[in-house]
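Novice: Starting from these lines, generate the structure:
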Amino acid sequence: MAIQWFPGHMHLTRKAIEERIKEIDVVIELLDARLPGSSANPMLAQLTAGKPALKVLNKQDLADPARTEAWLAHYNAVPGTRALALDASVKAPAKALIDACFALAPTRGASMAKPMRVLICGIPNVGKSTLINTLKGKRAAKTGDEAGVTKIEARIVLQDAFYLFDTPGVLWPRIIVAKSGYNLAASGAIGKNAFDEEEVALELLDYLRQHYADHLQARFKLTDVAKQTDEQLLAAIGRQRGALQSGARINMQKAAEVVIHEFRAATMGRITLETPAEFAQWLVDGQKLDAERKVKKDAIELDRAIRFKKVPRPPRKVAAENETSD
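Specialist: Below is the predicted model of the structure:
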């Protein structure tokens, strides 16, 4: 099942960014260090094209350090882009954002006549509000451990001639990389009513048993993790955590909630759900399936238009009989 979530306020955010970007000097996109590719919004990339970009891998304290370094190298190799990793609640690293913005736009911010204007954006629940409050040194933005807390744009003065424009967290209208949908749901970026928790937990366990089997074994006191199916692992975790129904049956919904919660809290250990190479392949596969879907959709729409006589029926092909008749 494909996971999609694009509530009404996100349409308004898209329009606001389209207007604001005309006067912006640097764009900061906050990414989730546990899923840097999946949390990079392709719609934002399109809206902010041509602007210097600072990619911030937030929540690095929850992510796999080696994989974080790989993602930083990946983004730092992109022209006009700088990347750094931080935990938004830590004050000292957060201050480095201001220096990074000046490095990307050195002619801005020298005076009030040419202030530095920075747009900060990202997916829901990625930590923007926490970061802004850290930079400002007080509660300038509302925070919450759920998707979609910030609903309006706000201008924040970080220092003289340095203006930060905060925007609500925004996803994109259609997620074509199926794996990204599951990873975003697991991270908390998608509203909880937009996905099935058991399905997301099974997808999460499928990846973890291949790449972080030792984490699962240590946290849930399991054995032979790599040899078990996703369903067997979820049932074992439910049994170990007492998620039982009458007749000693496993409550798979409760077990799924445990798995997702423990991933988000990093109590399993520091985990990253994708590498640059993995995400690149997922994207290629997603684009191929999306192109195939569009061909089928266009064919259905054309057939419907012909049946309702909105467009003329194309002439029949009589190729072979004309070529062979003498």
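Novice: Mind jotting down where the helices sit in the stretch 101-250 of the chain?
Specialist: Taking DSSP state H, counting those that start in this stretch as the test, the helices found in the stretch 101-250 of the chain are 128-136, 178-187, 197-211, 213-220, 230-240.
Novice: domains of the chain?
Specialist: For the chain, whose domains are defined here by automatic domain parsing, the residue ranges read 8-166, 196-265, 277-315.
Novice: need those in TSV with mean pLDDT and distance to residue 271, can you?
Specialist: In this view, the C-beta of every residue, glycine as well, is placed from N, C-alpha and C. Formatted as TSV, the domains of the chain follow (pLDDT from 0 to 100; distance: least, C-beta to C-beta, whole Å):
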stretch	mean pLDDT	distance to residue 271
domain 8-166	85	6
domain 196-265	94	6
domain 277-315	84	14
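Novice: among those domains, which is nearest residue 174?
Specialist: Across the domains of the chain, residue 174 has its closest neighbour in domain 277-315 (8.3 Å, C-beta to C-beta).
Novice: If we go by neighbour counts, what in the closest one is buried?
Specialist: Neighbour counts over domain 277-315 (16 or more other C-beta atoms under 10 Å) mark 279, 282, 283, 286 as buried.
Novice: can you tell me which residues contact the residue nearest to the first one when sequence neighbours are not counted?
Specialist: Going back to what we said before, that points to residue 279. Distances taken as C-beta to C-beta, 6 or more residues apart in numbering put residue 37 closest to residue 279, at 3.2 Å, once the chain neighbours are dropped. Contacts for residue 37 (C-beta atoms under 8 Å, 6 or more residues apart in numbering) come out as 71, 180, 274, 276, 278, 279, 280, 282, 283.
Novice: Of those, which belong to helices?
Specialist: Counting by DSSP state H, the part of these found in helices is 71, 180, 276, 278, 279, 280, 282, 283.
Novice: Residue 190: which of the domains of the chain is closest?
Specialist: Short answer: domain 8-166, nearest of the domains of the chain by C-beta to C-beta, at 6.1 Å.
Novice: quick one: the closest one to chain centroid distance?
Specialist: With C-alpha atoms, centre = their mean, to the nearest Å as the basis, domain 8-166 stands 14 Å off its chain's centre.
Novice: and if you look at stretch 176-192?
Specialist: That offset, for stretch 176-192, works out to 7 Å (C-alpha atoms, centre = their mean).
Novice: Span of it from start to end?
Specialist: 20 Å (C-alpha to C-alpha, to the nearest Å).
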